[in-house]
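**Student:** I'll drop the sequence and a predicted model, then ask my questions.
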Amino acid sequence: MGRPTRARYAAGQGLSPVPDLLDWPSPTASWGVAIDPSWRTAVHLGVDSFVSAVFDPSAGRLIGPAERMEHLLEEIALADEVGLYSFGIGEHHRSEYYDSAPPVILAAAAARTARIRLGSAVAVLSAADPVRVFQQFATLDLISKGRIDLVVGRGSFTEAFPLFGLSLADYDSLFEEKLDLLLRIRESEHVTWSGRHRPPLTGQGVYPRPVQNPLPIWVGVGGTPESFVRAGLLGLPLMVAIIGGEPRQFAPLVDLYRRAGAQAGHAPEQLQVGLHVFGFVAESAQAAADTIYPGWHEMFTKVSRERGFAAPSRAQFDATSGPDGAFFLGDPDTVAEKLVRVSGQLGGVDRISLQMTNPRLAHADLLRGIELLGREVAPRVAGS
């Protein structure tokens, strides 16, 4: 059959549909993947931030947006200093977050750091122009001297759609079409392309070109099998957002991604898997829980109210923070052990990013959490 092109994927030609992949017998009884793991490196650790508005409990006041940005840049600089692999900035268009323009934040971070990789977590591609997205992140790649990762997705909130005049009825087609155009721009300086949601390109050049060739483009996914299959067929790295349930429950979906990639002819080392998870590290498990719970309760109570769910409880928080839960919380040994275990349950992952921001988390506590993650947790994970 040969390796699938984006055009054949978009047209649904020559590729096995999702049911075929689901029916394809797994090579191991536990949904493991029959891939030689010798090429895999240690799990890389990083931090993701949604740049939450913060009420500092120690100071008893709301931190203003300008001061919060100053704090954020200090947090990124510290992550670089303590040897963490990456720092990602989310994208939201809500009053409680200050991350609506991630490329601007990342440019400031790139100028203040030397080694850490910087990226989106995630860029809401459905609501953006792929030409501008590529230009912005290519420019960031130049500023950072080749340290940028572009993670694209549809986002977990929908405010961007009405804000930019888009219809939620086009939720899926917007992302598929814009991802196709973004990949074409990455491949070629001059692009000829047409679609439903954007005026056509007729051979225009897209500049600047990045340092990295190709610019790393990851696909951010939740729990939809079709999203995992799409990323696998295209041979794109996968960033899985795990915000609830048990991480090990994602093993069949990660396996589905790898099998789709293998069927499409992509090499195992091309099919990288990353995890975006909530987490925090403190001197003890009790200190971590007591520090994070007030902000966690505030954040999830607000979201639950908006979506018609019951308000979260401390019992839910404790279960989510437990050994099998989705929240990576505790002292360095506890967090490191859980990171290693979850990576193994998913057949080995390449990177894990902890979303550590919280609307009730003091700047000093977050700095300490980043320091512990880099100096204490990362060496334990790397040595496992």
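**Tutor:** Received, thanks. Predicted, not measured: the structure shown is a model, and the values here were computed from it. Residues are numbered from 1 along each chain as shown.

**Student:** so what's the residue minimising distance to the centre of the chain up against?
**Tutor:** For the chain, Ala121 is the residue whose C-alpha lies nearest the centre (Cα atoms, centre = their mean; 4.4 Å). Residues in contact with Ala121 (Cβ atoms under 8 Å, 6 or more residues apart in numbering) are 48-49, 88-91, 102, 151, 220, 239, 276, 353, 355. All C-beta atoms are positioned from the backbone trio N, CA, C, and that covers glycine.

**Student:** restricted to helices, list those residues.
**Tutor:** In helices, defined here by DSSP state H, the members of the contacts of Ala121 are Pro102.

**Student:** what's the helix or strand where Gln316 lies packed up against?
**Tutor:** For Gln316, the host element (DSSP states H and E) is helix 314-320. If contacts are counted by 3 or more Cβ pairs under 8 Å, 6 or more residues apart in numbering; DSSP states H and E, helix 314-320 sits against helix 285-307.

**Student:** got the buried residues for the helix it packs on?
**Tutor:** Buried residues in helix 285-307, counting neighbours by 16 or more other Cβ atoms under 10 Å, are found at 285, 287-289, 291-293, 295-300.

**Student:** helix, strand or coil for Glu74?
**Tutor:** helix (DSSP: H, G, I helix; E, B strand; the rest coil).

**Student:** now do the SS call for the residue nearest to it when sequence neighbours are not counted.
**Tutor:** Leaving aside its chain neighbours, Glu74 sits nearest to Leu367 (7.1 Å; criterion: Cβ to Cβ, 6 or more residues apart in numbering). Counting by three-state DSSP, the backbone at Leu367 sits in helix.

**Student:** in which helix or strand would I find the residue lying closest to Gly222 once chain neighbours are set aside?
**Tutor:** Among residues not flanking Gly222 along the chain, Ala241 sits closest, at 5.6 Å (Cβ to Cβ, 6+ apart). Element membership of Ala241, judged by DSSP H and E, is strand 238-242.

**Student:** for Ile217, which residues make a bridge with it?
**Tutor:** Leu150 (DSSP bridges).

**Student:** ok, it touching Leu238?
**Tutor:** No. Assessed by Cβ atoms under 8 Å, Ile217 is found out of contact with Leu238, at 11.2 Å.

**Student:** who has more neighbours, the two?
**Tutor:** The residue with more neighbours, out of Ile217 and Leu238, is Leu238; 26 against 21, by other Cβ atoms under 10 Å.

**Student:** what residues are bridge-paired with the more buried one?
**Tutor:** Bridge pairing for Leu238 (DSSP bridges) gives the partners Val219, Val273.

**Student:** does Leu118 touch Arg112 like I think?
**Tutor:** No. Contact criterion Cβ under 8 Å: Leu118 and Arg112 do not qualify, at 10.3 Å.

**Student:** what do the two both touch?
**Tutor:** With Cβ under 8 Å, 6+ apart, Leu118 and Arg112 have common neighbours Ile76.

**Student:** quick one: Pro359 and Ala241, what's the gap?
**Tutor:** Here Pro359 is placed at a distance of 19 Å from Ala241 (Cβ to Cβ, to the nearest Å).

**Student:** export stretch 140-160 to PDB, keeping only CA atoms.
**Tutor:** C-alpha atoms of stretch 140-160 as PDB (Å, rounded to 0.1, in the frame of the first residue of the first chain):
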ATOM      1  CA  LEU A 140      10.100  31.300  18.000                       C
ATOM      2  CA  ASP A 141      12.300  28.500  16.800                       C
ATOM      3  CA  LEU A 142      14.700  31.100  15.400                       C
ATOM      4  CA  ILE A 143      14.700  33.100  18.700                       C
ATOM      5  CA  SER A 144      15.200  29.900  20.800                       C
ATOM      6  CA  LYS A 145      17.800  28.500  18.400                       C
ATOM      7  CA  GLY A 146      15.800  25.300  17.700                       C
ATOM      8  CA  ARG A 147      14.100  24.600  21.000                       C
ATOM      9  CA  ILE A 148      10.400  24.800  20.000                       C
ATOM     10  CA  ASP A 149       7.700  22.100  20.000                       C
ATOM     11  CA  LEU A 150       4.300  22.900  18.500                       C
ATOM     12  CA  VAL A 151       1.500  20.900  20.100                       C
ATOM     13  CA  VAL A 152      -1.800  21.500  18.400                       C
ATOM     14  CA  GLY A 153      -5.300  20.400  19.300                       C
ATOM     15  CA  ARG A 154      -8.900  21.500  19.600                       C
ATOM     16  CA  GLY A 155      -8.800  22.500  23.300                       C
ATOM     17  CA  SER A 156     -11.000  21.400  26.200                       C
ATOM     18  CA  PHE A 157     -13.000  24.700  26.300                       C
ATOM     19  CA  THR A 158     -15.000  26.200  23.400                       C
ATOM     20  CA  GLU A 159     -14.800  29.900  24.000                       C
ATOM     21  CA  ALA A 160     -12.400  30.400  21.100                       C
END
